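**Q** build me a model from this:
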Amino acid sequence: MKSNALSLAIRGAILAAVSATPAFAQEDTKAVDASAIDDGAIEQVTVTGSRISRPNAVSPTPVTSLTAEDISLSGETNLGDFLNTMPALRSTFSGQNSGRYIGTVGLNLLDLRGLGTSRTLVLQDGRRHISSSVGTSAVDVNTIPEDLVERVDVITGGASAIYGADAVSGVVNFILKDDFEGVKVSAFGSDTQRGGAETTELSVTFGKNLFDGRANIAGSVQHTTRGDVYGTERDWITKGYGTLVNPDDIDPNTGAVIPDNGVPDRIVVEDYRIPFISDNGIAFLPYGDYTFNDDGTARPVIPGDVCDINGRCSGGDGYAFVGQYQMYPRMETANIFVKGHFDISDSMQLFGEAKYVNHEAESWGQASFSYDGYSSTNPFLDQDLSDRLVADGVPAFGMYRMHSDLGYRGDLAERETMRFVTGLKGELGGSWTYETSLVYGEYNADVYYVNNRHNERYGQAIDAIELDGEIVCADADARADGCQPLNMFGFGLNSQEAIDWVMLDDTGSEEKMTQTVASGFVTGDLIDLPAGPLSVVGGFEYREETSFVDYDEIIKSGATFMNALASTDGEYDVTEAFVEVSAPLVSDLPGIQSLIFDTAYRAADYSTVGSTGAWKAGLDWSVIDDVRVRATTSQAVRAPNIDELFAPLGENFYNVNDPCDYREVGSAPDPALRSANCAALGLGPDYESPWNGGPTLPGFSGGNPSLQEETATTMTYGMVITPRFADGLTLTVDYWDIEIEDAISYYGGQTILDKCVDGASIDNAFCGNIERAANGDLTSLTSSALNASKLTARGVDYELRYDLALADLFNSELGSLTLSLQGTRLLERDDYSFQNEPDSVDPVAGEIGDPEDAYNMNVTYRYGDLSVNWGHRYIGDQALYDIGNSRPESAAPSFTGEVRYNSLRTSYLYQDQVEVYGGVNNLEDKAPPAYLTGTGGGSGMYDTMGRSFYLGVNYTF
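**A** So this is what the prediction gives:
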């Protein structure tokens with residue numbers, strides 16, 4: 001039945017588009033910058049959010065456009081990092097926080113409204129683009145040829161009826177320049193005052209018209225390098241900030257945190273350390289805890305100055321995280337892009353493009369670590385300590401140790417992206433035009449995991465004995481295989497040969513994805529209505545996606561320090577048909593200059609989830625020349641991606657605190673309910689978990705082949721004001737509302753544990769994913785994708801632009817001034833773990849990463865060939881605690897405070913050929929607020945570079 005319904009929908013869409021005889025001729029249309037329109041020169045343009053050509057570049061849905069000049073004013077060579085400063089985008093995967101997950105280093109993915117990178121559809125010239133994030137549809141912005149970008153259109157709201165799945169939270173469409181002529185050579189360099197992130201970029205952009213203007217070929221070659229930045233180069237990292245449970249907020253009778261007493265639960269300290277592990281090792285002996293000087297001599301551990309109930313301290317011999325922070329990865333990108341078109345006839349144009357991108361990224365992070373048992377007669381052990389242990393009858397002891405001196409772990413990603421487009425477009429006669437295209441994209445990557453510890457070899461290497469006056473591995477077979485003993489008592493005492501035996505540099509993964517898209521549509525005016533022509537678009541699209549990732553056998557077996565990861569191989573295809581109609585209802589009436597009704601429907605048949613449908617309906621009301629009102633409601637869909645469907649369960653580790661621990665019960669939203677649910681699990685009020693403040697909990701995570709599509713209902717309405725009394729002034733204000741049901745979500749380990757015991761009962765899916773031992777201790781948990789949650793978001797976007805010729809004010813040529821402002825007010829951003837439990841809401845708006853207020857402002861003064869720009873970016877105050885599940889006193893400080901960044905840029909154009917420009921970003925050299933690193937998923941919105949300087953030159957001929 002689903003296939004028959006889809007077949008009828010496809011036929012209906014195509015018939016609607018071709019059923020009328022074209023009435024009159026129309027010039028070919030193409031996407032252009034709205035500011036370039038001159039009355040009478042271009043009658044119709046196509047804007048993002050619709051495939052219907054419209055007069056005056058008026059968008060029926062809210063679209064924010066960023067021009068090539070806007071990008072240039074930022075002084076940022078990384079296009080993704082620039083876009084992630086937009087108020088509507090969340091910096092989920094920017095350059096500085098992309099290394100948070102295995103294999104993702106260097107990816108720059110876009111996340112509109114903070115609803116997920118998989119729900120933001122990225123297009124290039126209105127067509128789909130191959131992903132660079134394996135198993136997903138998320139496009140790496142590093143693959144977009146920045147030099148040929150004319151503008152970037154951002155629609156924040158459901159657009160599935162126009163562009164298909166994945167456009168749940170919106171669309172980001174990169175419009176490239178067409179008919180480019182000439183040659184432009186560019187050079188750019190930047191550096192930071194604090195060190196690191198040295199950047200160079202060289203590019204050549206070229207274009208030429210051929211055959212008397214019937215053809216054009218254009219392209220660009222661009223090479224960018226960017227150095228890495230480490231925490232040791234940033235003083236807010238070297239100070240080692242961390243938080244401890246406040247000793248002044250502990251109940252002396254129970255030892256638990258006292259809730260709701262107005263005293264901060266946690267306090268900020270410098271030199272934060274974990275006292276039970278260190279780079280030199282912490283040995284647990286009958287005489288107390290011992291550590292080792294760099295040369296291997298033993299001594300008692302120096303305790304921290306202040307320690308909390310979880311055993312975390314300020315000062316002492318514990319492990320400090322300062323050395324592990326890489327603030328920004330090293331990246332290198334080569335981008336080659338060519339596009340062209342040829343007019344076969346007056347009514348048919350052949351077009352095509354080709355792209356090759358090579359992107360390398362390198363990140364380094366925390367070293368491996370372990371808790372191991374050692375013989376008291378280990379020949380590397382301090383002799384005095386060894387003799388004492390033997391004399392006291394202590395045969396062995398345990399020791400926690402970081403392996404920093406064996407090498408930090410690294411991810412080295414080498415990615416290649418290729419994309420090819422070919423197609424035909426032209427006129428059918430009258431107002432009717434058509435376009436067909438074929439897109440093929442391919443992504444290949446090799447990711448190498450450096451200093452990945454071989455667990456079996458490591459165990460053999462630390463088990464050392466003395467044989468014939470030489471220290472060797474105790475296992476004879478291991479010695480025969482090349483085992484070299486490791487000295488773990490001290491720091492930096494091992495040869496490179498011994499390190500190479502246990503630390504592997506040749507493990508990795510291979511990734512490949514392909515995308516094939518065949519599409520076509522026809523558009524024109526169907527009939528003439530009293531208020532104007534009824535315009536329609538009808539078309540089809542076929543898309544096939546494949547994704548494959550495979551890991552070395554040693555990784556899949558779990559024989560290394562890295563997670564045991566399973567290979568994923570999946571594919572799907574979808575056939576779609578769509579129709580879009582624009583109907584002018586009335587015009588030229590008092591208070592109604594024009595009223596246009598827009599609607600669209602898209603039917604799809606997936607090989608995975610079957611048939612789906614998406615629709616939209618909207619009104620565009622021109623009240624007078626100065627005021628337009630617009631409103632749109634729609635239903636958007638997103639089918640699960642390959643990773644969500646086909647990724648098998650793989651090993652994972654979770655940093656968690658057991659919510660049933662007596663120290664955690666009081667911090668619950670409802671302590672009495674949590675206590676009752678923990679009791680139902682067999683855990684008493686004095687239960688103490690071994691995982692709180694301790695090592696990571698093993699578990700599993702993966703996809704779910706039973707997933708279905710998620711559905712979003714979106715609504716936008718707003719106003720566009722262009723007052724006649726202020727020529728050059730445009731103000732837009734738009735309200736938006738998004739609600740996603742059956743949302744596909746992965747839940748973190750702590751969320752799974754908390755939701756298990758904070759729900760109405762323990763009879764829920766979260767508790768079913770947790771395993772406990774007979775004594776109640778956690779042993780494992782599993783996180784897999786579920787169609788269980790609901791996500792909501794509401795807010796207001798506003799934009800102001802004012803182009804002012806100062807001569808109009810002062811009767812003298814004083815140049816011009818341009819003011820632009822783009823901002824977002826986030827009214828609601830809520831997560832519902834289970835959509836059928838509306839009271840279990842987790843409000844997110846105002847938490848770190850989702851500010852309630854954010855805006856960007858630019859003021860540019862131009863006088864002749866001189867241009868000066870001041871940029872200002874505002875990020876509102878954000879909570880550092882979970883607003884829904886804890887209290888302001890849970891963190892200290894509780895809020896980030898407002899943050900403002902300022903920048904200056906100046907440029908000069910000499911003889912219309914040579915432009916020299918330079919500037920300073922983050923003028924005040926601000927660090928991230930509230931002791932944040934700037935490398936987290938939420939704190940990635942803050943600048944981690946500090947004050948930076950740049951200089952560039954463009955030569956055009």
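**Q** which residues of the stretch 1-150 of the chain score low on pLDDT?
**A** Per-residue confidence for the stretch 1-150 of the chain (pLDDT under 70) gives these ranges: 1-47, 53-60.
**Q** from residue 144, how far out is residue 204?
**A** For residue 204, the distance to residue 144 under the criterion Cβ to Cβ, to the nearest Å works out to 17 Å. Where C-beta positions appear, they are placed from N, C-alpha and C, glycine not excepted.
**Q** show me which of those two is the more surrounded one.
**A** A side-by-side neighbour count of residue 204 and residue 144, using other Cβ atoms under 10 Å, places residue 144 first with 24 against 15.
**Q** any idea how far the more buried one is from residue 346?
**A** Summarising the geometry, the distance separating residue 144 from residue 346, computed by Cβ to Cβ, is 32 Å.
**Q** could you do residue 908 as well?
**A** Counting by Cβ to Cβ, the gap from residue 908 to residue 346 is 43 Å.
**Q** out of those two, which sits in the busier spot?
**A** Neighbours per residue, other Cβ under 10 Å: of residue 908 and residue 346, the larger number sits with residue 908, 14 against 11.
**Q** I figured that one hits residue 953, correct?
**A** No - Residue 908 is not in contact with residue 953 according to Cβ atoms under 8 Å; the separation is 10.4 Å.
**Q** find residues that contact each of these two.
**A** 915-917 (Cβ atoms under 8 Å, 6 or more residues apart in numbering).
**Q** tell me the one of those nearest residue 640?
**A** The shortest gap between residue 640 and any of the shared contacts of residue 908 and residue 953 belongs to residue 917, at 45.5 Å (Cβ to Cβ).
**Q** residue contacts, the closest one?
**A** The neighbours of residue 917, taking Cβ under 8 Å, 6+ apart as the test, are 72, 905-908, 951-954.
**Q** which stretches of the stretch 351-500 of the chain form helices?
**A** Under the criterion DSSP state H, counting those that start in this stretch, helices of the stretch 351-500 of the chain are mapped to 383-391, 455-462, 476-481, 496-502.
**Q** quick one, which of those is packed in tightest?
**A** Each of those was given a mean neighbour count from mean count of other Cβ atoms under 10 Å, and the largest, a mean of 20, is that of helix 455-462.
**Q** from the contact counts, what lies against that helix?
**A** With contacts taken as 3 or more Cβ pairs under 8 Å, 6 or more residues apart in numbering; DSSP states H and E, helix 455-462 sits against strand 369-375, helix 476-481, helix 496-502.
**Q** what comes up buried for stretch 250-269?
**A** Neighbour-count burial for stretch 250-269, with 16 or more other Cβ atoms under 10 Å as criterion, is recorded at 250, 256-259, 264-269.
**Q** for those, which two are the farthest from each other?
**A** Between any two of the buried residues of stretch 250-269, the greatest separation by Cβ to Cβ is 22.0 Å, found for 259 and 269.
**Q** strands paired with the host helix or strand of residue 869, and their directions?
**A** Following DSSP states H and E, the helix or strand that holds residue 869 is strand 866-875. Strand 866-875 has these partner strands in its sheet, going by DSSP bridges: strand 853-863 (antiparallel), strand 899-910 (antiparallel).
**Q** and the contacts of the longest one?
**A** By Cβ under 8 Å, 6+ apart, the residues outside strand 899-910 that reach it are 73-75, 865-875, 915-924, 926, 929, 942-943.
**Q** among those, which ones are buried?
**A** If you count burial by 16+ other Cβ under 10 Å, the buried members of those come out as 73-75, 867-869, 871, 873-875, 915, 917-922, 929, 942-943.
**Q** quick check: beta-bridge partners of the closest residue to residue 884 other than its chain neighbours?
**A** If the residues on either side of it in the chain are set aside, residue 884 comes closest to residue 842, at 4.1 Å by Cβ to Cβ, 6 or more residues apart in numbering. For residue 842, the beta-bridge partners under DSSP bridges are residue 831.
**Q** residue 842 against residue 830, yeah?
**A** Yes - with contact taken as Cβ under 8 Å, residue 842 and residue 830 are classed as touching, separated by 6.8 Å.
**Q** shared neighbours of these two, anything?
**A** Here residue 842 and residue 830 share no contacting residue, scored by Cβ under 8 Å, 6+ apart.
**Q** how about the helices in the stretch 201-350 of the chain?
**A** Along the stretch 201-350 of the chain, the segments classed as helices by DSSP H, counting those that start in this stretch run 235-238.
**Q** so what's the nearest residue to residue 351 once chain neighbours are set aside up against?
**A** Residue nearest to residue 351 in three dimensions, not counting chain neighbours: residue 341, with 4.0 Å by Cβ to Cβ, 6+ apart. Residue 341 makes contact with 178, 215-216, 349-352 under the criterion Cβ under 8 Å, 6+ apart.
**Q** per-residue pLDDT, residue 341?
**A** As summarised for this prediction, residue 341 has a pLDDT of 96.
**Q** check the one 4 residues further on too.
**A** The predicted local distance difference test score for residue 345 is 95.
**Q** now, which of the contacts of residue 917 sits nearest residue 741?
**A** Distance to residue 741, by Cβ to Cβ, is smallest for residue 72 among these, at 41.3 Å.
**Q** can you put the helices of the stretch 351-500 of the chain in a markdown table and add mean pLDDT and distance to residue 661?
**A** A markdown table is the format used below for the helices of the stretch 351-500 of the chain (pLDDT from 0 to 100; distance: least, Cβ to Cβ, whole Å):
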| stretch | mean pLDDT | distance to residue 661 |
| --- | --- | --- |
| helix 383-391 | 97 | 34 |
| helix 455-462 | 97 | 29 |
| helix 476-481 | 96 | 40 |
| helix 496-502 | 96 | 35 |
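**Q** gap between stretch 110-122 and the chain center?
**A** Chain-centre distance of stretch 110-122: 8 Å, with Cα atoms, centre = their mean, to the nearest Å.
**Q** which of the three states applies to residue 752?
**A** The three-state label given to residue 752 by DSSP: H, G, I helix; E, B strand; the rest coil is helix.
**Q** make sure it is actually in contact with residue 770.
**A** Yes - applying Cβ under 8 Å, one finds residue 752 in contact with residue 770, separated by 6.5 Å.
**Q** shared neighbours, the two?
**A** Counting by Cβ under 8 Å, 6+ apart, the residues touching both residue 752 and residue 770 are residue 781.
**Q** and the gap between the spatially closest residue to residue 542 that is not a sequence neighbour and residue 421?
**A** Of all residues beyond its chain neighbours, the one nearest residue 542 is residue 518 (4.7 Å), with distances taken as Cβ to Cβ, 6+ apart. Applying Cβ to Cβ, one obtains 11 Å for the distance of residue 518 from residue 421.
**Q** what about these two, which has more around it?
**A** Ranked by neighbour count (other Cβ under 10 Å), residue 518 and residue 421 place residue 421 first, with 20 against 16.
**Q** mind listing what the nearest residue to that one once chain neighbours are set aside touches?
**A** Sequence neighbours aside, residue 353 is the residue nearest to residue 421 in space, at 4.6 Å (criterion: Cβ to Cβ, 6+ apart). Contact analysis of residue 353 by Cβ under 8 Å, 6+ apart lists 337-340, 419-421.
**Q** name whatever forms a beta bridge with residue 353.
**A** Listed beta-bridge partners, residue 353: residue 339, residue 421 (assigned using DSSP bridges).
**Q** so is residue 147 in a helix, a strand, or just coil?
**A** The three-state label given to residue 147 by three-state DSSP is helix.
**Q** how many neighbours does it have?
**A** Applying other Cβ under 10 Å, I find that residue 147 has 22 neighbouring residues.
**Q** and if you look at residue 182?
**A** Other residues near residue 182 number 12, with proximity taken as other Cβ under 10 Å.
**Q** quick one: it from residue 353, how far?
**A** To residue 353, residue 182 is 19 Å away according to Cβ to Cβ.
**Q** touching, residue 118 and residue 638? I think so.
**A** Yes - between residue 118 and residue 638 a contact is recorded at 7.1 Å, counting by Cβ under 8 Å.
**Q** those two: who's more crowded?
**A** residue 638 (29 against 25).
**Q** which residues does the more buried one contact?
**A** When contacts are counted by Cβ under 8 Å, 6+ apart, residue 638 is found next to 118-119, 160, 165-166, 168, 709-710, 712, 744.
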